[in-house]
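Colleague: One predicted model, sequence on top.
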Amino acid sequence: MLRYALLAMIVGVLTVLPSAAQQSALPPQAAQQPGVSQAVGQRAQAAPAPAPPGFQLNPLQQASLNQVLATWQQESAKISTFKCSFERWEYNLAFGPGANIPLNKNKGELSFGKPDKGSFQITEVHTWQATPVPPGQPPTQAKGDWVRQPSAIGEHWVCNGKSVFEYRHEQKHLVERPIPPQLQGNAIVDGPLPFLFGAEAEKLKARYWMRVEQQPNQEQIWLVALPRFQADAADYKQVDVILDRQQMLPTHMQVHLPNGDRHMYTFDIGGASINSPLARLQNFFQLPRLPVGWKRIVEQMPLQQAAQPGAQPPR
């Protein structure tokens, strides 16, 4: 389910991170053992498929990618806690005002606690409202502005390492999805989008086609990643990441969805709280509070479902 994948992606992106996608079926071995950690190892053992156009790297390009991923892994290992505000621009082909004009401009906050705790919340929703065309005048290029929707409630997710909690505001449900024991702890780095949780460079290269994009701005590093496997391609077909070269932290991330929509994230790295001594005391990732009048729902994911090809952790 896309929503859990996005939770993992957004929380993890701040600790290591990352065209149509090449959609490949999972190798047969992936169906034999439950758990994403095992699936990743089995994927790495599968016979290599030919790289899609644009990802057939020469030795110099491969060396550059290896260096970036190794440095990213090294720097991300130094982060134990992270808190950051962000903006998310949502481009919607069906209902948006234009291909390059976002339908929504949202604001949010995310937190990460090593190795497997995270929170993600959209705190403000701003939706495009077009300026009416005066009577008798021909329609022109879309004009308007993004107006805050005070009654709109954005996504809110919390992972405390043992369960993922989702606030469903329309139903007034706080849904808890327990994480199977074999997926708890460090195994979360092998989740839906592992570059977000400081995954190892070799695991990234085994699971994604990746390349470094050459850019004139020497202060940035641009990465493009395509999923190698159908299980990932069902949630996103491409991820673009812009890293700050000095901090090796993402300043922007663009997620291309399978239906052609895309989400652009801009992270306030300059105002982020990193390795704060107070972070462990602020209870970001404890059991979320149950609002008055709400109901707590527990949804289990059968282990046999987790063992199926293309399965992901509970989302």
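Modeller: Sure, I can see it. The shown structure was predicted, so the numbers you read here are calculated from the model rather than taken from an experiment.
Colleague: what is the rounded mean pLDDT of the longest helix anywhere in the chain?
Modeller: Determined from DSSP state H, the single longest helix within the chain is helix 59-76. Confidence over helix 59-76 (mean pLDDT, whole number) is 93.
Colleague: mind listing what the most far-flung residue of the chain relative to its centre touches?
Modeller: Residue farthest from the centre of the chain, counting by Cα atoms, centre = their mean, is Gly136 at 46.0 Å. Counting by Cβ atoms under 8 Å, 6 or more residues apart in numbering, Gly136 touches no other residue. (Glycine included, C-beta is placed from N, CA and C.)
Colleague: got the buried residues for the longest helix of the chain?
Modeller: Within helix 59-76, the residues that count as buried by 16 or more other Cβ atoms under 10 Å are Ser64, Leu65, Val68, Leu69, Trp72, Gln73, Glu75, Ser76.
Colleague: Check stretch 147-155 too.
Modeller: Within stretch 147-155, the residues that count as buried by 16+ other Cβ under 10 Å are Gly154, Glu155.
Colleague: Contact partners for Lys295?
Modeller: Applying Cβ under 8 Å, 6+ apart to Lys295 gives the contacts Lys172, His173, Leu174.
Colleague: If we use 7 Å, what do you get?
Modeller: Lys172, His173 (Cβ atoms under 7 Å, 6 or more residues apart in numbering).
Colleague: Just the local confidence number for it, please.
Modeller: On pLDDT, Lys295 comes in at 94.
Colleague: swap in Lys117?
Modeller: Listed pLDDT for Lys117 reads 84.
Colleague: Show me what it bridges to in the sheet.
Modeller: Taking DSSP bridges, one obtains Gly113 as the residues bridged to Lys117.
Colleague: Could you pull up the mean pLDDT of stretch 214-228?
Modeller: 91.
Colleague: nope, stretch 203-210 is what I was after
Modeller: 90.
Colleague: can you give me how far it is from the chain middle?
Modeller: Its chain's C-alpha centre and that of stretch 203-210 lie 15 Å apart, by Cα atoms, centre = their mean, to the nearest Å.
Colleague: let's number from 33 now, not from 1
Modeller: Will do, 33 is the new start, and the previous item becomes stretch 235-242.
Colleague: who touches Gly128 in this structure?
Modeller: Residues in contact with Gly128, defined by Cβ under 7 Å, 6+ apart, are Pro134, Leu135.
Colleague: Break down the stretch 133-282 of the chain into its strands, ranges please.
Modeller: For the stretch 133-282 of the chain, strands defined by DSSP state E, counting those that start in this stretch occupy the ranges 136-145, 149-162, 176-180, 188-191, 195-200, 205-210, 240-245, 252-259, 270-276, 281-288.
Colleague: would TSV of these with distance to Tyr297 be doable?
Modeller: Below are these laid out as TSV (distance: least, Cβ to Cβ, whole Å):
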stretch	distance to Tyr297
strand 136-145	9
strand 149-162	11
strand 176-180	16
strand 188-191	15
strand 195-200	19
strand 205-210	24
strand 240-245	17
strand 252-259	14
strand 270-276	10
strand 281-288	5
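Colleague: That'll do, ta.
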